[in-house]
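Q: Kindly return the folded structure for what I paste below:
(one chain, ligands or ions: 1)
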Amino acid sequence: MVVRVASFAAVALAVVACGGGGDAAPSDGSAPTDSTAETGASAETSAPADEVHTGDAHAGSATVTVSKQQFDELRLQVLELAVEVDKLQTAAGLTSAGDEPGEPGAATGEHAVDEAPHWTYEDAERWGELADEFGACGAGDEQSPIDLTGAVGLDIPNAVIDYVPGDATIIDNGHTVQVNVPEAGTLELDGKIYAFAEFHFHAPSEHTVEGDHWPMEWHFVHRADDGSLAVLGVLVEEGAPWPAFDVIVESLPMQRDVADIVYGDVDVADFLPDLTAAFRYDGSLTTPPCSEGVSWSVLQGTITMSLEQMEAFTSRLDEPNNRPVQPTNERTLEKDLSA
Ligand SMILES: [Zn+2]
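A: Reported below is the predicted structural model:
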């Protein structure tokens, strides 16, 4: 395992050397070779995981903990190297970032890295016409976001979170800045368990409350084993800085579409207000393909962010990234009345 990771490191370092000598203008012949080597190395990163797990199965419980630690450290090293390789590839023009399905920024959540047609918020009313797979954007009748008004008050069981601090990557995909935290724990909603996937922002808010937008809205995306999604929406008001965002701001990537490492563990709970009360309804992704079947919980509690914190994110946008509110149609908007 160590040898394999070391060889991956060697490949990455070789690329660093190659990229560092950019003035030397590597011959056309050498570039594809490097590219192939990196692709092979990337694929290799999954091999140690299998081996560690296989080893664990045969090992005593005392060694499992150590192996897991070692594995976690090596995985982080590999992740960092993969990000470096990605940056250098992009810098060298060897490949366009985001094309590789295995790259760290490949999303597991709402904003999947898309090979789908290009779309913008300016043409949000026409998303359904851009591609067959975007059909729900135009024809769906349970779309998000909506105006949160006319809610029916109920005593709804509160969501239960079981988050743990984890390694994270961050990517500016052109539509938002997204933080992927692959092992951040779970959300339990109506007895169903969803694994945390990623969070990202919209500005101004996508959901409105009695017709009013908020300056910003964060979406915390979770996925169940059956593929269904649950999203926690958190509305932001301008005010005191929210300390948890500092490490995210410090980690903002230099380049669009190139994933970077977040410089510290991310504990999703640190970004949330009190979870006890929420607006609940059945909706959709708010970006193409606008797939329905998403369980929405927009928290009634809000968080504050300073103007500087918000601008660190919004300054990266080409345009406001909120989809206009959609008709509620026959849906019931529930509002939790219990503490
Ligand atoms: Zn979103």
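
Q: Report the contact partners of V160.
A: 187-189 (C-beta atoms under 8 Å, 6 or more residues apart in numbering). C-betas here are computed from N, CA, C, even on glycine.

Q: Just want to check the distance between A259 and F271.
A: Using C-beta to C-beta, to the nearest Å, A259 is found at 19 Å from F271.

Q: When the two are compared, which one has more neighbours?
A: Applying other C-beta atoms under 10 Å to A259 and F271 shows that A259 carries more neighbours, namely 26 against 19.

Q: Please verify my assumption that the more buried one contacts S251.
A: No. Using C-beta atoms under 8 Å, A259 and S251 do not qualify as a contacting pair, with a distance of 10.6 Å.

Q: Give the residues shared as contacts by those two.
A: What both A259 and S251 touch, as defined by C-beta under 8 Å, 6+ apart, is the set I170.

Q: neighbours of V209, just the number please.
A: Around V209 there are 17 other residues, counting by other C-beta under 10 Å.

Q: show me the contacts for the closest residue to it other than its chain neighbours.
A: Residue nearest to V209 in three dimensions, not counting chain neighbours: L148, with 4.9 Å by C-beta to C-beta, 6 or more residues apart in numbering. Contacts here follow C-beta under 8 Å, 6+ apart; on that basis L148 touches 207-210, 279, 298, 333.

Q: ditto for V268
A: 161, 163, 181, 184-185, 196, 199, 220.

Q: Kindly state the pLDDT recorded for it?
A: Looking at V268, its pLDDT stands at 97.

Q: Spell out the secondary structure type for Y263.
A: coil (DSSP: H, G, I helix; E, B strand; the rest coil).

Q: That one touches S251, doesn't it?
A: Yes. Because the distance of 5.1 Å satisfies C-beta under 8 Å, Y263 is recorded as touching S251.

Q: okay, those two: which has more neighbours?
A: Taking Y263 and S251 together and counting by other C-beta under 10 Å, S251 has the greater number of neighbours (18 against 11).

Q: ok now do the more buried one, which residues does it touch?
A: Contacts of S251 (C-beta under 8 Å, 6+ apart): 170, 260-263.

Q: In ChimeraX, how would I select the buried members of those residues?
A: Burial among these is assessed by 16 or more other C-beta atoms under 10 Å; the matching ChimeraX selection reads:
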select :170,260,261,262
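
Q: Among the contacts of S251, which one sits closest to A116?
A: Closest to A116 out of the contacts of S251 is I170 (22.1 Å), distances taken as C-beta to C-beta.

Q: Which strand residues bridge that closest one?
A: V179, D260 (DSSP bridges).

Q: Give me the neighbour count for the closest residue to R316 other than its chain neighbours.
A: Leaving aside its chain neighbours, R316 sits nearest to D172 (5.5 Å; criterion: C-beta to C-beta, 6+ apart). Using other C-beta under 10 Å, D172 has 22 other residues around it.

Q: Likewise for V152?
A: Look at V152: counted by other C-beta under 10 Å, it has 10 neighbours.

Q: low-confidence ranges in this structure?
A: 1-76, 78-80, 82-115, 339 (pLDDT under 70).

Q: Show me the helices in it, by range?
A: Secondary structure of the chain (DSSP state H): helices at 2-20, 30-44, 46-58, 61-92, 127-130, 135-139, 245-250, 307-314.

Q: The shortest one - contacts with which helices or strands?
A: This means helix 127-130. helix 135-139 (3 or more C-beta pairs under 8 Å, 6 or more residues apart in numbering; DSSP states H and E).

Q: Can I get the helix it packs on in PDB, CA atoms only?
A: Provided in PDB are the C-alpha atoms of helix 135-139 (Å, rounded to 0.1, in the frame of the first residue of the first chain):
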ATOM      1  CA  GLY A 135     -37.800  18.200 -18.800                       C
ATOM      2  CA  ALA A 136     -38.900  18.400 -15.200                       C
ATOM      3  CA  CYS A 137     -37.700  22.000 -15.000                       C
ATOM      4  CA  GLY A 138     -40.600  23.000 -17.300                       C
ATOM      5  CA  ALA A 139     -43.200  20.200 -16.900                       C
END
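
Q: Mind listing what's buried along that helix?
A: 135-137.

Q: will you turn these into CSV that also has distance to Q255?
A: Output for the buried residues of helix 135-139, formatted as CSV (distance: C-beta to C-beta, whole Å):
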residue, distance to Q255
G135, 33
A136, 32
C137, 29
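
Q: List just the nearest of those to N321.
A: C137 (15.2 Å).

Q: Let me see the contact set for that closest one.
A: 127-128, 143, 288-290 are the contacts of C137 under C-beta under 8 Å, 6+ apart.

Q: One more pass at 7 Å, please.
A: Contacts for C137 (C-beta atoms under 7 Å, 6 or more residues apart in numbering) come out as 127-128, 288-290.

Q: Cheers, nothing more for now.
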